[in-house]
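Novice: sequence-free structure coming up:
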């Protein structure tokens, strides 16, 4: 459960940073797209069931 709350905090923080930068500054599209992509990745990871998350983690470890 702690994993999900940490990932939700990261996703919300990057989303908030994206919206602030988009609204109040003239930041490049590349940086804004990168922030939104990171945020979406963390949202998707939060939605995964624990079994699927653990299997993805094992695949990642075997690649490294």
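Specialist: Thanks, I have it. Worth saying up front: this structure is predicted, and the values here are computed from it rather than measured. Numbering: from 1, shown residues only.
Novice: got the buried residues for the helix or strand residue 54 falls within?
Specialist: Assigned by DSSP states H and E, residue 54 falls within helix 50-63. Residues of helix 50-63 classed as buried by neighbour count (16 or more other CB atoms under 10 Å): residue 53. (Each C-beta comes from the backbone N, C-alpha and C, glycine too.)
Novice: which residues in this structure form helices?
Specialist: Using DSSP state H, the helices of the chain run over 2-24, 29-47, 50-63.
Novice: How far off centre is stretch 34-49?
Specialist: Centre-to-centre, stretch 34-49 and its host chain are 3 Å apart (CA atoms, centre = their mean, to the nearest Å).
Novice: again with stretch 47-62
Specialist: With CA atoms, centre = their mean as the basis, stretch 47-62 stands 15 Å off its chain's centre.
Novice: what mean pLDDT would you report for that stretch?
Specialist: Stretch 47-62 shows a mean pLDDT of 88.
Novice: residue furthest from the geometric center of this structure?
Specialist: Ranking residues of the chain by C-alpha distance from their mean position (CA atoms, centre = their mean) puts residue 26 at the top, at 22.7 Å.
Novice: Ramachandran angles for that one?
Specialist: Dihedral pair for residue 26: phi -110, psi 70, per degrees, to the nearest 10.
Novice: separation between it and residue 32?
Specialist: Residue 26 sits 10 Å away from residue 32, going by CB to CB, to the nearest Å.
Novice: Likewise for residue 48?
Specialist: For residue 48, the distance to residue 32 - CB to CB - is 25 Å.
Novice: Quick check: closest non-adjacent residue to residue 14.
Specialist: Computed as CB to CB, 6 or more residues apart in numbering, the closest residue to residue 14 that is not its neighbour in sequence is residue 39, at 4.1 Å.
Novice: Residue 15 is in contact with the one you found, correct?
Specialist: Yes. With contact defined as CB atoms under 8 Å, residue 39 reaches residue 15; the gap is 4.6 Å.
Novice: residue closest to the middle of this protein?
Specialist: Central residue of the chain (CA atoms, centre = their mean): residue 42, at 2.6 Å.
Novice: Fine by me, thanks again.
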